[in-house]
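Enquirer: I need the structure of the sequence given here:
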Amino acid sequence: MENPLLLFPQLNISASKDKPYYKVMKPEIKEEPNKASKPGVSPEEAVKWGESFDKLLSEKAGLDAFTKFLKTEFSEENIEFWIACEDYKKSKSAHDLLTKAKTIFETFIQKDAPKEVNLDFHTKEVTSQSMGQPLRSTFDAAQSTVYRLMEQDSYPRFLRSAAYRGLLQGRPAARAPLRRRSRSFTVNDFQGVRPDLTVW
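Expert: Numbering: from 1, shown residues only. The predicted model follows:
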């Protein structure tokens, strides 16, 4: 269970120049252990997520489930960008707008950004031009593009995924494989426990 958490610092090291980016990531990392202790999502709740992409994203449990799914496809930058834009629009001052806009642009939009999202040239240009004096609407076009991408591409795959089908049947699909995997790790660890402990 700790192994995925160990991967995050390695990813962040590659983007160490973007310190504010850690703040975007930290809440998601911290929430992982809490979710395991909460009761699972009800099948009724999961059914609603299938009604529309908007309904899925409007509920915290749905957003979390979809984010986990995107991580399995290595495309979580899309939902992270969408979340960052939602947060950006709640900025209370011009200073906040400027600071967050710079972070979002450097993390998700500029060429070779650590979490670069797939935007067409025109949208990228429009967004770049408004970076001098960012407004609440600065990322609207880019956010809409990424939203449509997820809605048309990732969302249908999420609805067909084993994880989502498991939630519809009232079983926490993500937990069962994790338990099985940790048992196999335990067997392997017993065979070579000393080298592993020296790492810790």
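Enquirer: show me the contact partners of stretch 82-97.
Expert: 24, 57, 63, 100-101, 103-104, 107-108, 134-136, 138-139, 142-143, 146-147, 150 (C-beta atoms under 8 Å, 6 or more residues apart in numbering). C-beta coordinates here come from the backbone N, C-alpha and C atoms, glycine included.
Enquirer: buried members of those into ChimeraX, please.
Expert: Buried residues among the contacts of stretch 82-97 (16 or more other C-beta atoms under 10 Å), as a ChimeraX selection:
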select :24,57,63,100,101,103,104,107,108,134,138,139,142,143,146,147,150
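Enquirer: what stretches of this structure score poorly on pLDDT?
Expert: The chain contains residues with pLDDT under 70 at 1-39, 172-200.
Enquirer: try it again at 90.
Expert: Within the chain, the stretches with pLDDT under 90 are 1-42, 132, 170-200.
Enquirer: mind listing the helices for it?
Expert: 3-13, 19-37, 43-49, 53-58, 60-72, 77-88, 94-104, 121-129, 140-149, 155-160, 162-168, 175-191, 193-199 (DSSP state H).
Enquirer: now the third one: buried residues?
Expert: Of the residues in helix 43-49, those buried under the neighbour-count criterion (16+ other C-beta under 10 Å) are A46, W49.
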